[in-house]
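Asker: Just the structure for this:
(one chain, ligands or ions: 2)
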Amino acid sequence: MIAKTRHISDTKNLTGSLPAIRYVDPKFLYLPLTNARCTKYEIYIKEGEHVNCCQMVGKRIGPFFEQPIHATCSGTFVGIEKHYHRNGKLTDFIKIENDFKDTFDPEVKTRTPDEIAKLTKEEITEIIKNCALVGLGGSSFPTYVKFQTDKPIHMILVNGIECEPYITADHRLMLEFPYRVMDGLKYVMQAFNCKHAKICIKSKYKDIETVYRQVIKEYEGSGIELCLVGNYYPQGWEVEMIKNAEGIQLNTGELPSNQGIMNFNVSTMVGIYKAVKYNMPVIKRFITITGDGIKFPKNFRVRVGTSIKELLPLCGGYKNPEKDKVFILGGPMMGASVPNDDIIVSKTVTSIIVLDKMDYVEEPCVRCGSCVLSCPVHLEPVQIMNAVKTLDKERIKKLNPLKCIECGLCAYSCTSKIQVTDYIRKAKMIAKL
Ligand code: SF4
Ligand code: SF4
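Answerer: Ligands and ions are numbered 1, 2, ... in the order given. All right, here's what the predicted structure looks like:
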């Protein structure tokens, strides 16, 4: 059966209406020393040394960027331990024992409205850089780099679409902190001298729509409006969002700034608010712990660096403890799986999905074409898969797998339950060689 799949099963009702539980005082917090973009690091503190909350305790070093590492509580640096990172890899983490005093670093300070109003684009960029803000929707791309464009920007888009199934972290953040979203957006508009902005949500998010229709009235004359987009996947992909919100189709590889548009995830917008208003890096975030393998799926607001093992009992533990589990960091379509629950909430962890492991058998490809029909970037996943199987590098390159956004739709729509996306990932690696 040929199926064009964009309307994937909606599992947000497990947690969408649940307020986030505040869990911000774990005894130990863990900060990753490396990530996918930065594989080297420096540490500026010694074991046994006291650190302040928000103190810069080291930095990650990559080929293109450096990322300051900030303590997310005050306490004592007790050593380095290995845990699973969002990218699915075992990683070294700085371990800090919380002293529960929340002694803030002297760099943290409140800016008055007058001080903020005088900030230039360059100053706001520098603040965001020093606060090590990255794309908190999961991209982890350094936010200050986006601010460095010299293109004129006429529209800021806030991405509150959160189109992956299960995840409701941004949903709760939008409902619980609408003024932080709005103020962060005002600061971004100030930086770019931009007069128009749209907050994009799916049209079915009626609860968010109600709140923002009300709140936007308080920002009269700001140029901020609400934009309702379609309820399909991958509507949160920036190319789809821009097409729907602005009627502009980006070319392959074209940056939104080339069309005078800047887009930020809604959590990043709150990160910008905290950085500009308080000179504060991201030390807390919303996450969703959900999935059929957990008794009571929930949303949390936690300190960055919290171990998931502490949160699982608050969800009632596993539904079927005797069954093996699959843990997915991020959404089921684009997230990374890790082998156990030794997971730390880093800045870009949006959710942990716990599923009971199911044995399924891949069947042979029946050449149904569902994967081709579903691909939002118009690739031929089945052909790419066949080229990978025969290691035909020339053919792989011709089929252009580097255009793939790893949305997972080809695997989701496959009638033979083939993990087609895994083949596309392999093809991307081969094409880069
Ligand atoms: S994962 Fe890549 S190849 Fe598969 S449907 Fe998405 S964009 Fe297309
Ligand atoms: S890979 Fe799956 S979806 Fe694609 S043609 Fe084959 S059976 Fe159909």
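Asker: quick one: secondary structure of the residue of the stretch 101-250 of the chain found nearest ligand 1?
Answerer: Evaluated by C-beta to the nearest ligand atom, the stretch 101-250 of the chain has Pro234 as its residue closest to ligand 1, separated by 7.8 Å. Heads up, the C-betas are built off the backbone N, CA and C, glycines and all. The local conformation at Pro234, judged by DSSP: H, G, I helix; E, B strand; the rest coil, is coil.
Asker: Thr125 now?
Answerer: For Thr125, the secondary structure call by three-state DSSP comes out as helix.
Asker: pretty sure it is touching Gln148, no?
Answerer: Yes: taking contact to mean C-beta atoms under 8 Å, the distance of 6.4 Å between Thr125 and Gln148 places them in contact.
Asker: neighbour-wise, which of these two wins?
Answerer: Looking at Thr125 and Gln148 with other C-beta atoms under 10 Å, you find the greater number of neighbours at Thr125, namely 18 against 12.
Asker: and the gap between the more buried one and Thr290?
Answerer: For Thr125, the distance to Thr290 (C-beta to C-beta, to the nearest Å) stands at 36 Å.
Asker: coming back round to it: name the nearest residue to the residue of the stretch 101-250 of the chain closest to ligand 1, ignoring sequence neighbours.
Answerer: Of all residues beyond its chain neighbours, the one nearest Pro234 is Cys407 (4.6 Å), with distances taken as C-beta to C-beta, 6 or more residues apart in numbering.
Asker: you'd agree the one you found is up against Met334?
Answerer: Yes: with contact defined as C-beta under 8 Å, Cys407 and Met334 form a contacting pair (6.5 Å).
Asker: Next, count neighbours for whichever residue of the stretch 51-200 of the chain sits closest to ligand 2.
Answerer: Closest residue of the stretch 51-200 of the chain to ligand 2, C-beta to the nearest ligand atom: Pro165 (19.2 Å). Taking other C-beta under 10 Å as the neighbour definition, Pro165 ends up with a count of 18.
Asker: Please report phi then psi for Leu355.
Answerer: Dihedral pair for Leu355: phi -130, psi 150, per degrees, to the nearest 10.
Asker: ok, it - contacts?
Answerer: Taking C-beta atoms under 8 Å, 6 or more residues apart in numbering as the contact definition, Leu355 lies against 291-293, 325-326, 328.
Asker: which of the residues you listed count as buried?
Answerer: Taking 16 or more other C-beta atoms under 10 Å as the criterion, what is buried in those is 291, 293, 325-326, 328.
Asker: just to revisit the earlier point, which of Cys407 and Met334 has more neighbours?
Answerer: Taking other C-beta under 10 Å, Cys407 and Met334 do not tie; Cys407 has more neighbours (24 against 18).
Asker: which secondary structure element contains the more buried one?
Answerer: Following DSSP states H and E, one finds Cys407 outside all helices and strands.
Asker: contacting residues around it?
Answerer: With contacts defined as C-beta under 8 Å, 6+ apart, the neighbours of Cys407 are 233-234, 237, 333-334, 376.
Asker: and the longest helix seen in the chain, what does it pack onto?
Answerer: In the chain, assigned by DSSP state H, the helix with the most residues is helix 178-192. In terms of contact count using 3 or more C-beta pairs under 8 Å, 6 or more residues apart in numbering; DSSP states H and E, helix 178-192 is assigned the packing partners helix 113-117, helix 121-130, strand 155-159, strand 197-202, helix 206-217, strand 224-229, strand 261-265, helix 266-278.
Asker: follow-up on the earlier one: make CSV from the contacts of Cys407 and add distance to Ser222 to it.
Answerer: As requested, the contacts of Cys407 are arranged in CSV below (distance: C-beta to C-beta, whole Å):
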residue, distance to Ser222
Tyr233, 31
Pro234, 29
Trp237, 27
Met333, 34
Met334, 33
Pro376, 33
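Asker: and which of those is nearest Gly75?
Answerer: When these are compared for distance to Gly75, the smallest value, 34.0 Å, is given by Met334; criterion: C-beta to C-beta.
Asker: correct me, but the closest one touches Leu409?
Answerer: No: checked against C-beta under 8 Å, the pair Met334 and Leu409 is beyond contact range at 10.2 Å.
Asker: Just the buried residues of the lowest-mean-pLDDT helix or strand in the chain, please?
Answerer: Among the secondary structure pieces of the chain, namely its helices and strands, strand 336-338 has the lowest mean (mean pLDDT, DSSP states H and E), a mean of 85. Taking 16+ other C-beta under 10 Å as the neighbour-count basis, strand 336-338 is seen to contain the buried residues Val338.
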